[in-house]
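Visitor: What follows is a predicted protein model with its sequence.
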Amino acid sequence: MDLARYVVDAVVLEGRRYREVGAALGVSKSYVGKLVGRFREGGYEAIAPRSRAPRTIPHRTPDALGDEIVALRKELSDLGLDAGAQTIHYHLSATHTKVPSVSTIWRVLRRRGFVVPQPHKRPRSSWIRFEATLPNECWQSDVTHWRLGDGTEVDIVNFIDDHSRVAVASRVLARATAPAVLRVFHDAGARWGLPAALLTDNGCVYTTWHRGGANVMQTELLALGIDYRHSRPYHPQTCGKVERFHQTMKAFLAKQPKASSIGQLQAQVDSFLAYYNDVRPHRARGRVPPRVAFEARDKARPSGPKIRVGADVRVRKDRVDKGGKLTLRHRTRLHHISVGHAHKGKRVIMLIDGLDVRVLTEGGELLRRLTLDPSRDYQPQG
């Protein structure tokens, strides 16, 4: 028996006085009188514990606006698009003069069961971020995979601008080859302008330096004066922006009907690009669409030396060691090439055509040219 019922029974059934009951239980006379009065009006149900929550909260988000927030959340999620509180805030600002804050929208979603707080996540303050300061200063590219309705696997090659996050190209290919990826790059360059640099992983459609020579992508970038950069092996975080773009695009494609052909899948990708570039607010760009960020600043251009190399020429990028030397492997034997202490720590480009070796700075200045002597480990300073 709870305290309230004991108090009521002592007064009503036993006929004890209010003051006597209150003194025995350590409660006030007015409390006893309040319980007895509620009992006589509504019975035992009226003395059950009541919620202490206020009946009305003047500053709480109206239910109608909460319903609109939830409806927008469901609509964006069903389309496979970002449906976070900041994105909902962006869309509401287009139709409302007074928009609740991002934190208020988040609380509405949490209260209605759409958001589960995850305090175990790594804090953003611990991330080390890098970002190009100008559009076309650097592009990122990568190839991802998707399956058609009949199970056929196809490739999707993506190029995005590191600064604005504009998707400059997203092309579906039956199979991604170096010449096909190069054509996609040229098409994107014709529309958006060529970048000053390109960052990719070590996939063979982009680079074959680790196999001893340059492919068509590398030789074309050298001829255009575009700085080529690649991530270290097994470290996709370096190309994290294009990797995240893959995830966003696939979330959208997963909500669409399964494409039966490459053309149908390309149409779905184009539909996504139109929304992603021109409508979707990007958190990394101050909640503006990527195209707005791309057009807000002057564009960078290729500024490197335009170096043309033949099909048989190997291309290597290296750094001069503290002794002023470079190393080059020829037929499994390692050779040391001196370029002088004045150039220690300098990044260089090595062009190797058989035994003919040229060492250039990244600006195109020739530091040394020699004919490799395979019989000597240390090449004499010519």
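Guide: Looks like it arrived, so ask away.

Visitor: burial measure for the nearest residue to Arg283 once chain neighbours are set aside, as a count.
Guide: Nearest non-adjacent residue to Arg283, counting by C-beta to C-beta, 6 or more residues apart in numbering: Gln86, 6.1 Å away. (C-beta placed from N, C-alpha, C; glycine too.) Residues contacting Gln86 under the criterion other C-beta atoms under 10 Å number 14.

Visitor: what residues are up against the residue nearest to Val242 when sequence neighbours are not counted?
Guide: The shortest distance from Val242 to any non-neighbouring residue, by C-beta to C-beta, 6+ apart, is to Gln140 (4.1 Å). By C-beta atoms under 8 Å, 6 or more residues apart in numbering, the contact list for Gln140 reads Phe159, Ile160, Asp162, Leu198, Leu199, Thr200, Cys239, Lys241, Val242.

Visitor: cool, and Asp78?
Guide: Counting by C-beta under 8 Å, 6+ apart, Asp78 touches Lys255.

Visitor: Looking at the contacts of Gln140, which one is closest to Ala53?
Guide: Of all these, Lys241 has the smallest distance to Ala53: 45.6 Å, by C-beta to C-beta.

Visitor: That closest one belongs to a strand, doesn't it?
Guide: No - counting by DSSP: H, G, I helix; E, B strand; the rest coil, Lys241 is not part of a strand but helix.

Visitor: roughly how far apart are the closest residue in space to it that isn't next to it in sequence and Phe245?
Guide: Counting by C-beta to C-beta, 6+ apart, Gln140 is the residue found nearest to Lys241 once chain neighbours are left out, at 5.3 Å. Remark: distance between Gln140 and Phe245 (C-beta to C-beta, to the nearest Å) = 8 Å.

Visitor: what ranges do the helices span in this protein?
Guide: Counting by DSSP state H, the chain has helices at residues 3-12, 18-25, 29-42, 63-78, 85-92, 102-111, 178-192, 216-224, 240-253, 262-278, 290-295.

Visitor: The first one relative to helix 29-42, how many degrees between them?
Guide: Computed by axes from the mean of the first three to the mean of the last three C-alpha atoms, to 10 degrees, the angle separating helix 3-12 from helix 29-42 equals 90 degrees.

Visitor: Contacts for helix 3-12, please.
Guide: By C-beta under 8 Å, 6+ apart, helix 3-12 touches 1, 16-18, 21, 25, 27, 31-32, 35-36, 39, 44, 47-49.

Visitor: Could you measure from Arg376 over to Arg333?
Guide: Distance, Arg376 to Arg333, using C-beta to C-beta: 10 Å.

Visitor: wait, Thr144
Guide: As judged by C-beta to C-beta, Thr144 and Arg333 stand 40 Å apart.

Visitor: Name the residue in the two with the higher neighbour count.
Guide: Using other C-beta under 10 Å as the criterion, Thr144 and Arg333 rank with Thr144 on top: 17 against 11.

Visitor: who touches the closest residue to that one other than its chain neighbours in this structure?
Guide: Nearest residue to Thr144, sequence neighbours excluded (C-beta to C-beta, 6+ apart): His246, at 4.5 Å. His246 makes contact with Asp142, Thr144, Asn158, according to C-beta under 8 Å, 6+ apart.

Visitor: try 10 Å this time
Guide: Taking C-beta atoms under 10 Å, 6 or more residues apart in numbering, we find His246 in contact with Asp142, Val143, Thr144, His145, Trp146, Ile156, Asn158, Ile160, Ser170, Cys239.

Visitor: Check the residues you listed against Trp192 and report the nearest one.
Guide: Taking C-beta to C-beta as the measure, Ile160 is the one of the contacts of His246 closest to Trp192, at 10.6 Å.
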